[in-house]
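Asker: model this:
(one chain, ligands or ions: 1)
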Amino acid sequence: MSTPAKRKAESPAPGSSPQPKPAPAGLASPTPASPERASTGPASPKAASTGPSTPGPASPKKASGASSPAAEVDTSDALTGAHWLEQEELERSEDADSSLGSDAESSTASVASSIFAYRTILGRTYHSDAATSTEYWAPNDDRHLDSLEIYYHGVELLNDFKLHMSPLKDDIERVLDIGTGKGYWAIDFADKFPNCEVIGTDISPVQPSWVPPNVRFEIDDASKPWTYAPNSFDLVHIRFLVGAIEDWDALYREAYKACKPGGWIEHYDHSPVVTSDDGSVKPGSALDTYGKLLAKAARKIGRDATLADNDTMEEGMKAAGFVNVQTKRMKMPLSPWSADKRLNDVGAYARATLNDDVEGVIQFLFSTVLGWTQEEINAFGSRVRRELLDMSIHGYYHWKYVWAQKPEDAE
Ligand SMILES: C[S@@+](CC[C@H](N)C(=O)[O-])C[C@H]1O[C@@H](n2cnc3c(N)ncnc32)[C@H](O)[C@@H]1O
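Answerer: Predicted structure coming up:
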């Protein structure tokens, strides 16, 4: 079971290279959608066994649904994939920096995957079309999930390992974790509140089967209408779903209906745009381009990836009817450059994650939306890694934690 203590022990020492982790005891055996949500387009066990498919290019859409439309990210500095490939090839042919050469090589050699259980794009696996027709950018293969395990440790450390921000009572009964991933938060929360039923939902069946008795997982698309009993949850929890949801307002409205009067919603998320306070993330650099192009590509398929940079979360919760809306903003260093010990460690974890699988972060959006080739993606990934190793660059992501309450006297 992946308790915080266990995961701490499994995670690499800041600054060290992460070690591959053993695969979980077995594939998740998520239960089908519970009877109360049977009409939602159910958690089909087929999702775990569907054969491969290769989707066509994503169709560009306009972002919709955000109560406060995000400003377009300015990508005029962003160079093309061909540029990054040319740079990489040029530098290799000059053998310009032998100390960094092995890093560049590893990034071009490690993308192939032989697992074809889900839809596949450029050798990476993604959620099955049988689970939902929604577009979601992150691979669900071991390489990406292992890299995220390191990241979650950084994400939790960034917020001092607080599992929740709202003032929950000890006797809460029912909690929902949307987009639960491997269920880390759900499992930790269930351990802390053993008398509370914790339901985690996701579109990929990647959850472990060895979980506390008060946790269960369902395969379900949170962007579809929910059929949970109204007024039935003490907390609806959302962590790191950036780029997953087209209409956050609609999702918050579903969460409002599902929450008990006096219950809470929490959403902890970040923007991929890389910023620096000292100008060390230069316009046109790989790190600058990375975040801006992710945001631009996400917008083309209708997703606002910059929701932690604007007030989408706060405004959406208010519009749904939530009150007592509170916000905590945090900066996540992307390498260990901070003088603050905790943030320095967070930066080490963030860098280890991108070092392991920056390709997994960019591949879906850069290939299907921006039309980059595999070679261009790999070359660009190498440049991102190099900049992350350059300790004169002080890049960070904005993270934001927003929590709010359904009024006690709500119907
Ligand atoms: C980056 S992971 C975060 C996992 C987890 N919330 C955490 O912080 O540990 C995002 C998860 O959301 C899931 N997801 C994406 N779109 C979804 C949707 N429409 N409904 C439910 N889950 C979704 C993905 O499959 C993925 O497992």
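Asker: ok and the residue in the stretch 251-400 of the chain nearest the ligand?
Answerer: Closest to the ligand within the stretch 251-400 of the chain is Y268: 7.7 Å, counting by Cβ to the nearest ligand atom. Placement of C-beta: from N, CA and C, glycine included.
Asker: That residue: neighbour count?
Answerer: 26 (other Cβ atoms under 10 Å).
Asker: cool, and D249?
Answerer: Count around D249 with other Cβ under 10 Å applied: 18.
Asker: How about G321?
Answerer: Considering only other Cβ under 10 Å, G321 is surrounded by 16 other residues.
Asker: And the pLDDT for it?
Answerer: Looking at G321, its pLDDT reads 98.
Asker: Now it: phi and psi?
Answerer: phi 120, psi 0 (degrees, to the nearest 10).
Asker: And for C259?
Answerer: phi -70, psi 150.
Asker: picking that back up, and whichever strand or helix holds the residue of the stretch 251-400 of the chain closest to the ligand, what does it pack onto?
Answerer: Assigned by DSSP states H and E, Y268 falls within strand 259-270. When contacts are defined as 3 or more Cβ pairs under 8 Å, 6 or more residues apart in numbering; DSSP states H and E, strand 259-270 packs onto strand 233-239, helix 248-258, helix 312-320, strand 396-405.
Asker: same thing but 7 Å
Answerer: The contact analysis (3 or more Cβ pairs under 7 Å, 6 or more residues apart in numbering; DSSP states H and E) places strand 259-270 against strand 233-239, strand 396-405.
Asker: Tell me which of the ones you listed is the most buried.
Answerer: strand 233-239 (a mean of 24; mean count of other Cβ atoms under 10 Å).
Asker: Tell me the helices and strands packed up against that one.
Answerer: Partner elements for strand 233-239 (3+ Cβ pairs under 7 Å, 6+ apart): strand 174-178, helix 248-258, strand 259-270.
Asker: If we use 8 Å, what do you get?
Answerer: So strand 233-239, by 3+ Cβ pairs under 8 Å, 6+ apart, packs with strand 174-178, helix 184-192, helix 248-258, strand 259-270.
Asker: What residues does the stretch 101-250 of the chain have near the ligand?
Answerer: Contacts of the stretch 101-250 of the chain with the ligand, taken as Cβ under 6 Å from any ligand atom, map to 127, 134, 136, 138, 152, 178-181, 184-185, 201-204, 221-223, 239-241, 244.
Asker: Let's see that with 5 Å instead.
Answerer: Applying Cβ under 5 Å from any ligand atom, one finds that the stretch 101-250 of the chain approaches the ligand through 134, 136, 179, 181, 184, 202-204, 221-223, 239-240, 244.
Asker: so of those residues, which ones are in helices?
Answerer: Members of these lying in helices (criterion: DSSP state H): Y184.
Asker: could I get the residues of the stretch 101-250 of the chain next to the ligand as CSV with pLDDT?
Answerer: As requested, these are exported to CSV (pLDDT from 0 to 100):
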residue, pLDDT
T134, 73
Y136, 84
G179, 97
G181, 95
Y184, 95
D202, 92
I203, 90
S204, 91
D221, 92
A222, 95
S223, 94
R239, 98
F240, 97
A244, 94
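Asker: Please report the distance of the residue lying closest to A255 once chain neighbours are set aside from L158.
Answerer: Computed as Cβ to Cβ, 6 or more residues apart in numbering, the closest residue to A255 that is not its neighbour in sequence is V236, at 4.2 Å. To L158, V236 is 21 Å away according to Cβ to Cβ, to the nearest Å.
Asker: So which bits of stretch 355-365 are buried?
Answerer: N355, D356, D357, V358, E359, G360, V361, I362, Q363, F364, L365 (16 or more other Cβ atoms under 10 Å).
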